[in-house]
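Undergrad: based on what follows, work out the 3D shape:
(chains A and B)
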Amino acid sequence: MDQKEWPLWEVFIRSKQGLDHKHVGSLHAADAAMALQNARDVYTRRMEGVSIWVVESQHIHASNPDDAAAFFDPANDKVYRHPTFYEVPDSIKHM
Amino acid sequence: METAELTQEDLFQQRIDADERIEPKDWMPDAYRKTLIRQISQHAHSEIVGMLPEGNWITRAPTLKRKSILLAKVQDEAGHGLYLYSAAETLGASRDQMLADLHAGKAKYSSIFNYPTLSWADIGCVGWLVDGAAILNQVPLCRTSYGPYARAMVRVCKEESFHQRQGFEIMQTLCEGAPEQKAMAQEALNRWWWPTLMMFGPKDEASPNTARSMQWRIKRFTNDELRQKFVDMMVPQAEFLGLTVPDEKVQWNEAKKGYDFGDVNWEEFWQVVNGHGLCNHDRLQARVEAWEEGAWVRDAALAHAKKRAARAHV
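TA: Numbers count the residues shown, from 1 in each chain, chains lettered A, B, ... in the order given. The predicted model follows:
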């Protein structure tokens, strides 16, 4: 049996105008045009999308979950970035 | 525990116990990865092989409406197989290897698809009973601990409920039709009832992996619990149709608020699982043929893509 797999692609779908594309899964295809057609058939059989992006999986670079604590640490101690950090007097409206 | 220090495995179990999802690149025990690859790929194979008994009736569906519905359903099964294969691939399994294992008879798929679909009413039973059983299995898997599997199952479950309803509608139409049609529906129920009960797998005491799978939350109910739920759900539906479930022991048990029912023929179950069912040979042969006859298409598409890419880079 031959083991010549088509490349793997990640599929992102915009479910309706005004929303972001969102990752929905992956599939195999020989090229981008086929990946788009396959994505349409596999992931939008019930009008789940108005736009599709496909990206070859090998081009995606991901952060490492083992480093997540250190990697996301800079944001961890900056509560003053959130509005709830600030006390607003009760008499102040519309803030 | 001997020391207060937690192993990686303890930390992993803590995350599971806290109902956290595990994602592809997270650390996981090898056995968790292996069990999931086996479970998800078997599930994917079942969807793909499951297209065969129904595909068998596409050209013979009684009306254009039924034919369109059946086509859409079989296409969904292909989609479900693809969602699941891609979920298994996130664990490091290769698609070609999974297919090679299926074709070599090394990988399992649901034993139910080794039974033949003899009449149109069998297509009704496949939707009503088989997909009904599949839904009971699958709905809890939407909350399974492995993220990509859970997300695939959410999509599968959304689509599966149309499958069951169209099956029930086929049965209802037959049961409201001529006496011959109703007899056909009863015969199909007689054929499919027991094999469907087998879909939930061996009895709990004969299912040694259940405890660990439940601890890892890749299984959320035991085989016997799901089988009981299924019987409780289906007996009243059969009564509504005016059909009789082919089990004399089916009886309401007020104390347990569920039906008592007879024991599955486990000898038959193991025979089918081990490759000696009515259609095991045909099903595998059909898959292998489809793979081999499609080889030139896969090769040509890849060659075409390479050639175009080479030209684009000149």
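Undergrad: going forward, measure contacts between C-alpha atoms and count neighbours the same way
TA: OK.
Undergrad: so, low pLDDT: which residues of chain A?
TA: Within chain A, the set of residues satisfying pLDDT under 70 comprises A:1-3.
Undergrad: what residues does it put near chain B?
TA: A:1, A:3-6, A:25-27, A:30-31, A:41-43, A:64-66 (Cα under 8 Å from any Cα of the partner chain).
Undergrad: quick check, nearest of those to A:Q17?
TA: A:Y43 (17.1 Å; Cα to Cα).
Undergrad: before we move on, the earlier item: return the members of the residues of chain A next to chain B classed as buried.
TA: Buried by 16 or more other Cα atoms under 10 Å in any protein chain shown: A:5-6, A:25-27, A:30-31, A:42-43, out of the residues of chain A next to chain B.
Undergrad: which helix of the chain spans the most residues?
TA: Reading this off chain A. Of all the segments of type helix in chain A, defined by DSSP state H, the longest one is helix A:32-43.
Undergrad: my bad, the chain I had in mind was chain B
TA: Longest helix in chain B, counting by DSSP H: helix B:147-175.
Undergrad: okay, helices next: where are they in the stretch 101-250 of chain B?
TA: For the stretch 101-250 of chain B, the helices defined by DSSP state H, counting those that start in this stretch cover B:120-125, B:131-138, B:147-175, B:179-198, B:210-215, B:223-241.
Undergrad: one step back: which two among the buried ones among the residues of chain A next to chain B are spaced furthest apart?
TA: Across those (Cα to Cα), the longest gap, 20.6 Å, separates A:E5 and A:Y43.
Undergrad: name the SS class of the residue in the stretch 201-314 of chain B that chain A sits nearest to, please.
TA: Here the stretch 201-314 of chain B gets closest to chain A at one residue, B:L302, 5.2 Å apart by Cα to the nearest Cα. With DSSP: H, G, I helix; E, B strand; the rest coil as the basis, B:L302 sits in helix.
Undergrad: give me the neighbour count for it.
TA: 19 (other Cα atoms under 10 Å in any protein chain shown).
Undergrad: please apply the same query to B:E248.
TA: 9.
Undergrad: tell me which residues touch it, please.
TA: Listed by Cα atoms under 8 Å, 6 or more residues apart in numbering or on different chains, the contact set of B:E248 reads B:261-262.
Undergrad: again with the one 4 residues further on
TA: Listed by Cα under 8 Å, 6+ apart, the contact set of B:W252 reads B:258-260.
Undergrad: just among these, which is most surrounded?
TA: Top of the contacts of B:W252 by neighbour count (other Cα under 10 Å): B:Y259, with 19 neighbours.
Undergrad: could you find the closest non-adjacent residue to that residue?
TA: When the adjacent residues along the chain are set aside, B:Y259 lies closest to B:W252, with 4.3 Å between them (Cα to Cα, 6 or more residues apart in numbering or on different chains).
Undergrad: and for A:L8?
TA: A:H28 (4.5 Å).
Undergrad: check B:A78 too.
TA: B:I48 (5.7 Å).
Undergrad: measure how buried residue 33 is and give me the count.
TA: This is for chain A. Residues lying near A:A33 (other Cα under 10 Å) number 12.
Undergrad: to clarify, I was referring to chain B.
TA: 18.
Undergrad: distance check, it against chain A.
TA: For B:R33, the distance to chain A (Cα to the nearest Cα, to the nearest Å) stands at 17 Å.
Undergrad: packing partners of the strand or helix carrying that residue?
TA: Element membership for B:R33 (DSSP states H and E) is helix B:30-49. Helix B:30-49 is packed against helix B:64-89, with contacts defined by 3 or more Cα pairs under 8 Å, 6 or more residues apart in numbering or on different chains; DSSP states H and E.
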